[in-house]
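Asks: Fold the following, please.
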Amino acid sequence: MKKFIVYDDVILCYIRKLPFRSDSFDVAVATEVIECARKGEGFQFVEDLKRITKGRILLTNPARGRGVRDEKPSLGREYLHYLSAWDVEDFKKTSFNVRGVGFRFLRLSSRMRYIPTCLAILFTPISFYVPKFSGFLIA
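Replies: I've put the predicted structure just below:
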């Protein structure tokens, strides 16, 4: 990425303790991260994001809400473990506005995968305003 001059440094850290001063960033983005921490750690992570960010925070999360699960490891996903499930009410406790994308009740099958995908896209305007039906949450 350096050749594109997108950023100067990369800091690798765990979400339990973000090594940044207060108000260090204008925007913070955490996509598909919070479900990989225990629920208490996730709430602390959100508070740390609020501390280090003086502007907006964007969080995304699969709208599982069905409990904790581990995915079968695959190439590039050897360390993926879901330690908590986050739903709309969890994000509202952190004072975030919550929106949705997709439609939770449409599961992809191996055959004709495009039909549920197209239906999920069609339902997104509804799930955006009623996120409890969405496949993914945006807070």
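Asks: So which elements touch the helix or strand encompassing residue 54?
Replies: Using DSSP states H and E, residue 54 sits in strand 53-62. Judged by 3 or more C-beta pairs under 8 Å, 6 or more residues apart in numbering; DSSP states H and E, strand 53-62 is in contact with strand 25-31, helix 39-52, strand 136-138. No exception for glycine: its C-beta is placed from N, CA and C like everyone else's.
Asks: Would you mark the buried spots in the longest one?
Replies: In other words, helix 39-52. Buried positions in helix 39-52, judged by neighbour count with 16 or more other C-beta atoms under 10 Å: 41-46, 48-49, 52.
Asks: Output these in TSV; the columns should cover pLDDT.
Replies: Output for these, formatted as TSV (pLDDT from 0 to 100):
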residue	pLDDT
41	91
42	90
43	93
44	93
45	92
46	91
48	93
49	92
52	93
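Asks: for stretch 99-110, what is the average pLDDT?
Replies: Average pLDDT, stretch 99-110: 68.
Asks: and the closest residue to residue 133 other than its chain neighbours, backbone torsions?
Replies: Once flanking residues are discounted, residue 133 sits nearest to residue 127: 4.9 Å by C-beta to C-beta, 6 or more residues apart in numbering. Backbone torsions of residue 127, given as degrees, to the nearest 10, read phi -70, psi -20.
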